[in-house]
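A.B. asks: Got a predicted structure plus its sequence, pasted below:
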Amino acid sequence: MTRAETELIDVLTPEGDPTGVRKSKSEVHLRGHWHRAAHVWIVSTDGRILLQRRSPRKENNPAVWDVSAAGHLSAGETSIDAAIREVHEELGLRLRADELRFMTTLLESCVLNRGTYIDNEFHDIFVVRRDVDLASLTLDPEEVAEVKWVRELRPDGTFVPHAEEYALVSTVVGSLH
């Protein structure tokens with residue numbers, strides 16, 4: 001069995017309330033159940049934004065640029081715990097809860113992979129201010145192909161389509177200077 005078939009996720013109502021039901025990650029996406037994910041944007045003290053290029057092995061949006069680190073909340077997990085876990089799993093970077101600055105929650109709904117992957121998510125978005133030496137990161141090759149720093153977000157066809165989130169992060173980063 002794959003991790004998507006065994007990892008349990010809390011199913012939410014379309015308003016974001018818990019239903020008390022837990023289903024496998026694959027079932028959640030097959031049926032289009034609402035669920036939650038944590039997105040972490042790492043921003044350096046001089047205002048650069050860390051991006052990751054998703055592994056070409058990813059089920060959806062392979063080999064395109066994306067948020068610094070992100071992932072689904074496992075059943076019973078908080079957004080902060082998921083954010084810390086995902087950053088460590090994907091980048092090998094340890095964060096503390098007090099480093100995470102919650103920005104907002106955005107809703108995203110899309111259908112991928114010819115209708116076989118229905119993604120109805122609440123994205124809890126966090127920013128972390130930290131200078132990171134890219135060479136010190138330990139990238140999970142199943143998740144991340146490479147990382148880079150950018151001065152500004154210019155999403156195009158080489159990015160996961162999160163237009164509202166990119167605009168929000170650009171505004172927040174601009175206000176940090």
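C.D. replies: Happy to help now that I have it. Residues are numbered from 1 along each chain as shown.

A.B. asks: And T13, how far from K23?
C.D. replies: 14 Å (CB to CB, to the nearest Å). For every residue, glycine as well, the C-beta is placed using N, CA and C.

A.B. asks: Which one of these two is surrounded by more residues?
C.D. replies: K23 (19 against 10; other CB atoms under 10 Å).

A.B. asks: Hmm, E7 and that one touching each other?
C.D. replies: No - the pair K23 / E7 is not scored as a contact, 10.0 Å apart, by CB atoms under 8 Å.

A.B. asks: ranges for the helices of this protein?
C.D. replies: With DSSP state H as the criterion, the chain has helices at 3-6, 25-31, 79-91, 163-175.

A.B. asks: Where does the prediction get shaky in this protein?
C.D. replies: 1, 4, 177 (pLDDT under 70).

A.B. asks: centroid residue for it?
C.D. replies: Nearest residue to the geometric centre of the chain (CA atoms, centre = their mean): A70, 2.1 Å.

A.B. asks: so the closest residue in space to that one that isn't next to it in sequence bridges to which residues?
C.D. replies: Among residues not flanking A70 along the chain, H39 sits closest, at 4.4 Å (CB to CB, 6 or more residues apart in numbering). For H39, the beta-bridge assignment (DSSP bridges) gives partners A70, I125.

A.B. asks: in the chain, which spans are strands?
C.D. replies: Using DSSP state E, the strands found in the chain span residues 8-12, 18-24, 34-43, 49-54, 65-66, 69-72, 101-112, 117-129, 144-150.

A.B. asks: okay if I get the ones you listed as TSV plus distance to H88?
C.D. replies: Below are the strands of the chain laid out as TSV (distance: least, CB to CB, whole Å):
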stretch	distance to H88
strand 8-12	19
strand 18-24	23
strand 34-43	11
strand 49-54	14
strand 65-66	17
strand 69-72	9
strand 101-112	18
strand 117-129	12
strand 144-150	12
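
A.B. asks: Pull the contacting residues for P14.
C.D. replies: With contact taken as CB atoms under 8 Å, 6 or more residues apart in numbering, P14 is in contact with W34, N120.

A.B. asks: Would you check how far apart it and I42 are?
C.D. replies: Applying CB to CB to P14 and I42 gives a distance of 31 Å.

A.B. asks: Contacts for stretch 131-138, please.
C.D. replies: I42, S44, T45, D46, L50, L91, G92, L93, V147, K148, W149.
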